[in-house]
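**Student:** next come a sequence and a model predicted from it.
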Number of protein chains: 2
Amino acid sequence: MDKKVAGIKDVAELSGLSIATVSRALGGKGSVSAKSRKLAQDAAAELGFVLSYAASSLASGRNHNIGVVVPAVNRWFFSSLVDGISSELIEAGYDLTLYTTSQNESHRATILTDFLLRKRLDAVIAVSLELTESEIQQLLAIHRPVMGVGGALPGADSIHVNDFQLAKMATEHLIGLGHTHIAHIGGANEYDADFKLPLTRRSGFEVAMQEAKLSYPADWLQTSDFTVNGTYATAKGLLAAGRTRPTAIFAASDEMAFGAIMAARDFGLRVPEDLSVIGIDGHELGEVFGLTTFDQNPRGQGAHAARRILAHLEQQSPSERVQHAPLAEEFPTRFVVRHSTAVPPPQ
Amino acid sequence: MDKKVAGIKDVAELSGLSIATVSRALGGKGSVSAKSRKLAQDAAAELGFVLSYAASSLASGRNHNIGVVVPAVNRWFFSSLVDGISSELIEAGYDLTLYTTSQNESHRATILTDFLLRKRLDAVIAVSLELTESEIQQLLAIHRPVMGVGGALPGADSIHVNDFQLAKMATEHLIGLGHTHIAHIGGANEYDADFKLPLTRRSGFEVAMQEAKLSYPADWLQTSDFTVNGTYATAKGLLAAGRTRPTAIFAASDEMAFGAIMAARDFGLRVPEDLSVIGIDGHELGEVFGLTTFDQNPRGQGAHAARRILAHLEQQSPSERVQHAPLAEEFPTRFVVRHSTAVPPPQ
DNA sequence: CTTCAAATTGGAAACGCTTTCATGTATGTT
DNA sequence: AACATACATGAAAGCGTTTCCAATTTGAAG
């Protein structure tokens, strides 16, 4: 009984218009008189008709769908980015197709060929993901703009913060307060794969220390995963009683900083009186932890990236899109001083 | 110079096979001899050809794409769910299209008609989202299975935890320890829209208290948003000096519990010696906070929901899919006792 | 060496729109 | 009033697969 789902043809019939006009009316493309538009819309509503994306895409080459590739969604930084992207895309009437790479390293390749390339996407936003030049070329070859977030992508647009500088400034903040015993907890090497972010931040630390002519025991350069839990454990090792403790810790991310603060508390160390902690990120929990950090506003970065790529898309039709030189944009950060950092305790 | 992107026709030519056979070989549908398959695949690889989703979808009616609607991605619970869903879908070769509703209430309607219904999706997983019966019918009418997570959806499958029971048990845990002065911080009414979760958990608290013949001042029934920050502020009010303090707090979510713990610390209250705190969720930070909670494993829930819906999809072709009675499944939780709860302090 | 069922294959008709092109028609100009 | 211009509209040609159907091959069994 339940007939076939209504097609545009049915709408045309019911409204007394041609298929072409109905398409224009509903798709909002060509010029249609207000009267016809209403006619078409009413008929569509009556039939419960909606345009089929598949058919539209096939015919027009436009998908209204943007792919977002993130290492993981359940990490604050990435989910904030996705949130920012999502809000812009919905606004613009675009779908967002989400790909997570880190659950299974082997999926990474699959994702690219099987999903990204299958022409379902109009563009791709790759977060903290290192695509090879050839992968990018593949994408660009089928006229899909690519935008990197969290690091430069060879040959593609990108937006990122200056990780080296941030790390250096964070360290210098501690040095400026008078600290001379500073430790760093950075990302483990295994996380270096994408954009070498942990490495970059560590360099910032090292250079700042070096410039200040400060040295530190080798084991004050710790690594852990980027989680609170992982860093909590690491920091416990670092702060264990019976050894020389640093008076300040520069954590490569806010979540790591939280872990360090929690660990410090477990040892009865007060922050910042006994131990200063600084992070990088701008995590929402920074507030209750009173964490001093560099806010890099990932939500804003996501929104910005989305806007950039949308602007690019709206520009022209896919095939005649201009291929400008890749633009690597630096996203501004904000230094947020709270009360997790202070002058070191008196000797 | 860069010719048109290769189509299946080109592959057919290059491989010496017919279009039909190439389609079968690459799509993995009908039966194809091993020889032909290899021929087709080699030719496709040589031309850098991949099937077009749009065309495939149009012709087959299958999208290999599942929509996931969540209130927000940047909240631990939801992002964990999405993570679980994502990992299952990738495994199965399905795309995941993400919609977030809460950034702008007005988008909610748009999302449904403009996105969900436009036949781009094979199925929809709605998280903590209350669809009206008619909305669900629309979805089902176009043969799109719908699955609710976090609450029952009228007429659709769903998977959820028993919020009332959980809340009751959490409260009873505190009562069992000997607490008589128990406060509850639940979700604000404005968040009741979807599935009345805050309300349900509050009832669990109230019923448990009532059964134990315990009373409490009206203002020990606090509400806040579901965030750490928000609850931190709320808890500060609750624990403010110079008033009768509860000896235990049941927070409606782990994040709220963290906020309460942080607030307690600011007042110099030790957890659990001076104040017991219990939550619900199984948040990863529960570990470092030592939080006693009910782990409802959102990642697992997501994965489970994904598997269920995939099983449903693989079953038959969209149109002949059997319309079974809606199945509301209860997802198991795990009581995790850590050290945020203990017997109340001596009078 | 037949015979028959099962496996493979190719031709061609969908799938449901968008868009170009050509043709009117309303609007504005001098 | 005559002519140019912009807007509206319909017919029809794709868009790139999948899949039905019929034809052909293959393989096993007799």
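**Tutor:** Looks like it came in fine.
**Student:** what does A:Ser215 show for phi and psi?
**Tutor:** phi -120, psi 170 (degrees, to the nearest 10).
**Student:** against DNA strand D, how distant is it?
**Tutor:** Taking C-beta to the nearest atom of the strand, to the nearest Å as the measure, A:Ser215 falls 61 Å from DNA strand D. Just so you know, the C-beta spots here come from the backbone N, C-alpha and C atoms, and that holds for glycine as well.
**Student:** go on, A:Val337?
**Tutor:** Relative to DNA strand D, A:Val337 is positioned 56 Å away (C-beta to the nearest atom of the strand).
**Student:** what's the local residue count around the nearest residue to A:Gln222 once chain neighbours are set aside?
**Tutor:** With sequence-adjacent residues excluded and distances taken as C-beta to C-beta, 6 or more residues apart in numbering or on different chains, A:Gln222 is closest to A:Ile185, at 4.6 Å. Burial of A:Ile185 is recorded as 27 neighbouring residues (other C-beta atoms under 10 Å in any protein chain shown).
**Student:** check whether the lowest-mean-pLDDT helix or strand in chain A contacts chain B.
**Tutor:** For chain A, counting by mean pLDDT, DSSP states H and E, helix A:107-110 ranks last in confidence among helices and strands (a mean of 72). Yes: Helix A:107-110 lies in contact with chain B when judged by C-beta under 8 Å from any C-beta of the partner chain; the contacting residues are A:His107, A:Thr110.
**Student:** right, and the helix or strand after that helix?
**Tutor:** Per DSSP states H and E, helix A:107-110 leads on to strand A:123-127 as the next helix or strand towards the C-terminus.
**Student:** for that following strand, packing partners?
**Tutor:** The elements that strand A:123-127 packs onto, with contact taken as 3 or more C-beta pairs under 8 Å, 6 or more residues apart in numbering or on different chains; DSSP states H and E, are strand A:65-70, helix A:76-92, strand A:146-149, helix A:298-315.
**Student:** so how far is the shortest one from its chain's centroid?
**Tutor:** Think strand A:146-149. With C-alpha atoms, centre = their mean, to the nearest Å as the basis, strand A:146-149 stands 9 Å off its chain's centre.
**Student:** ditto for stretch A:21-40
**Tutor:** How far stretch A:21-40 lies from its chain's middle: 38 Å, per C-alpha atoms, centre = their mean.
**Student:** over to stretch A:147-154?
**Tutor:** Average the C-alpha atoms of stretch A:147-154, do the same for its chain, and the two points are 10 Å apart (C-alpha atoms, centre = their mean).
**Student:** do you know the pLDDT at A:Gly150?
**Tutor:** With respect to pLDDT, A:Gly150 scores 85.
**Student:** repeat for A:Leu116
**Tutor:** As predicted, A:Leu116 sits at a pLDDT of 74.
**Student:** number of residues surrounding it?
**Tutor:** Here the neighbour count serves as a burial measure; for A:Leu116 (other C-beta under 10 Å) it reads 25.
**Student:** repeat for the one 3 residues further on
**Tutor:** Other residues near A:Lys119 number 21, with proximity taken as other C-beta under 10 Å.
**Student:** contacts only, for the nearest residue to it once chain neighbours are set aside.
**Tutor:** If the residues on either side of it in the chain are set aside, A:Lys119 comes closest to B:Ser52, at 4.7 Å by C-beta to C-beta, 6+ apart. Taking C-beta atoms under 8 Å, 6 or more residues apart in numbering or on different chains, we find B:Ser52 in contact with A:Leu58, A:Arg118, A:Lys119.
**Student:** and the least confident helix or strand of chain A, what does it pack onto?
**Tutor:** In terms of contacts (3+ C-beta pairs under 8 Å, 6+ apart), helix A:107-110 is packed against helix B:76-92.
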